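Enquirer: Pasting the sequence and the predicted model now:
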Amino acid sequence: MTELVRIAPGALTIGRPLPWNVYDADGNVLLRQGYVIQTNSQLEQLFERGRFRPRKIKRPQEEIVEDNRERNPFADYPDLLHTLEATLNAITGADPSAQKRLLGLARMIERTCTESPDASLALIHLYSIGPVIREQILFHAILCQFIGRQFGLEEKRIGVLTTAALTANLALVPIADKLNASSKVLSNEQRGVIRKHPERSIQALRSAGINNKLLLTIIAQHHEQADGSGYPEGLSGTDVRPEAEILALAERYTAMITKRAYRDRMDVANARKLIANLADGKFRPAIPKALLQVLGEFPPGILVRLENNEVGVVTGRPVRARGPFVKAIFGPRGNRYAGTFERDTSLPEFNIRALEQPEIMPSIDFGLVWGLNS
């Protein structure tokens, strides 16, 4: 059994779901993953009493064993972030294992999205309130899996696109969280770092012995735009690879639904409108259309109010004439249900009346709501 360790200050924040179970010193569960801390006093108590179980990988450095367990995006979330951090560190350190780590992580994400598509999309929306840069990178990779497949890319190209999503912002990792937490206007130096990040990320990959031509091209072009207004080369039209546009759209959608110090996050309805407008010249029309088809009108992980006044979380996209599917968590009078109740929103009494976007998310037991084993 992995040893329990204290929670470091800054690891948890008010208003965000817990990324893992929290235990007391004796190993008893205090709070389950998905619980949302509501007050400063709760936060202080968790730092005082709380422990978590870190993932420890005991294997030789050169042997990167791929994890083939059945995928549960919520239980795997901390592991995916840990593996991403180790992979990016291996690349920046020019570690000989870097390429193998990167390909292994891309395959883990592919399996997660293939085996649990609705839960994978829900992960993005549930943790999008204030994600750190590594969480954003993971969201980009998940979205690229779905958009690439909907757009019709062959599997091999989707795999390369996923590795590009995981590494395109490598050069921004040291500064991104600080920039997102600041409401100040960017300095010229900061703007320069941002504009040069594709080139610097490519340099790091090459230094680590990763030279896949398509991968490096996607990264080089992911800030180009079909109308010629992008950077660094001002490419336009079909000179920009579709994979680069898919990555750019994944980044843009993540930014739309993410809260920053200088602006509130956008609700899904407004984000969908902006995405639809991007088909007017910034992107190949089929790429924004693919993302809209993936998300549907009410993507998994968002909160909605139903016609009967219940509030629930969307757990599944429509299937044929049924759905989207919602698990009701609050009753019509605002009382919290002890369990959850599935609602097919194609039925008149359970039609979706409105989006709900509270300042602080309610606590949700992800395993219970999605019926996934830990």
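Expert: Structure's in. What do you need?
Enquirer: Skip the chain neighbours and tell me the closest residue to Ala220.
Expert: In this structure, Ala220 finds its nearest non-sequential neighbour in Pro198, 5.4 Å apart by Cβ to Cβ, 6 or more residues apart in numbering. Where you see a C-beta, it was placed from the backbone N, CA and C, and this is true even at glycine.
Enquirer: Kindly report the same for Leu235.
Expert: In space, and not counting its chain neighbours, Leu235 is closest to Glu224: 4.3 Å by Cβ to Cβ, 6+ apart.
Enquirer: Backbone dihedrals for the one you found, please?
Expert: When read as degrees, to the nearest 10, the backbone of Glu224 gives phi -80, psi 160.
Enquirer: count of neighbours near it?
Expert: 23 (other Cβ atoms under 10 Å).
Enquirer: from memory it sits against Ala244, does it?
Expert: Yes: counting by Cβ atoms under 8 Å, Glu224 sits close enough to Ala244 to count as a contact (6.4 Å).
Enquirer: Report the beta-bridge partners for the residue nearest to Val304 when sequence neighbours are not counted.
Expert: In space, Val304 comes closest to Ile352 once its chain neighbours are excluded; the distance is 4.8 Å by Cβ to Cβ, 6+ apart. Listed beta-bridge partners, Ile352: Leu306 (assigned using DSSP bridges).
Enquirer: Show me where the stretch 51-200 of the chain has its helices.
Expert: Along the stretch 51-200 of the chain, counting by DSSP state H, counting those that start in this stretch, helices occupy 73-92, 98-115, 117-126, 133-151, 155-167, 173-180, 188-207.
Enquirer: any idea how far Pro332 is from Ser201?
Expert: Relative to Ser201, Pro332 is positioned 50 Å away (criterion: Cβ to Cβ, to the nearest Å).
Enquirer: Which one of those two is surrounded by more residues?
Expert: Per other Cβ under 10 Å, whichever of Pro332 and Ser201 has more neighbours is Ser201, with 24 against 12.
Enquirer: didn't that one look like it was pressed against Leu170?
Expert: Yes: between Ser201 and Leu170 there is a contact at 4.2 Å, judged by Cβ under 8 Å.
Enquirer: What is the neighbour count of the nearest residue to Leu172 once chain neighbours are set aside?
Expert: Spatially, and ignoring its direct neighbours in sequence, Leu172 is nearest to His197 (4.9 Å; Cβ to Cβ, 6+ apart). Residue neighbour count, defined by other Cβ under 10 Å, stands at 21 for His197.
Enquirer: close enough to count as contact, His197 and Ala171?
Expert: Yes: distance between His197 and Ala171: 4.1 Å, which falls inside the contact criterion (Cβ under 8 Å).
Enquirer: just to revisit the earlier point, return the distance of the residue nearest to Leu235 relative to Arg200.
Expert: Taking Cβ to Cβ as the measure, Glu224 falls 17 Å from Arg200.
Enquirer: Then Gly93?
Expert: Counting by Cβ to Cβ - Gly93 and Arg200 are separated by 15 Å.
Enquirer: Count residues in the vicinity of Asn308, would you?
Expert: In terms of burial, Asn308 registers 14 neighbours under the definition other Cβ under 10 Å.
Enquirer: For Pro9, see how far away the residue nearest to Leu235 is.
Expert: Where Pro9 is concerned, Glu224 sits at a distance of 41 Å (Cβ to Cβ).
Enquirer: contacting residues for the closest residue to Gly230 other than its chain neighbours?
Expert: Closest residue to Gly230 in three dimensions, ignoring its sequence neighbours and counting by Cβ to Cβ, 6+ apart: Glu224, at 3.8 Å. Contact partners of Glu224, counting by Cβ atoms under 8 Å, 6 or more residues apart in numbering, are Gly230, Tyr231, Glu233, Gly234, Leu235, Ser236, Asp239, Val240, Ala244, Ala248.
Enquirer: CSV please, covering those residues and showing secondary structure.
Expert: Supplementary listing: the contacts of Glu224 in CSV, determined by DSSP: H, G, I helix; E, B strand; the rest coil:
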residue, secondary structure
Gly230, coil
Tyr231, coil
Glu233, coil
Gly234, coil
Leu235, coil
Ser236, coil
Asp239, helix
Val240, coil
Ala244, helix
Ala248, helix
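Enquirer: ok, the residues you listed vs Arg343, which is closest?
Expert: Out of these, the one with the shortest distance to Arg343 is Ala248. That distance is 35.6 Å, counting by Cβ to Cβ.
Enquirer: so how far is Phe139 from the nearest residue to Ala176 once chain neighbours are set aside?
Expert: In space, and not counting its chain neighbours, Ala176 is closest to Ile133: 3.9 Å by Cβ to Cβ, 6+ apart. If you measure Ile133 against Phe139 using Cβ to Cβ, the figure is 11 Å.
Enquirer: More neighbours: these two, which one.
Expert: Taking Ile133 and Phe139 together and counting by other Cβ under 10 Å, Phe139 has the greater number of neighbours (25 against 18).
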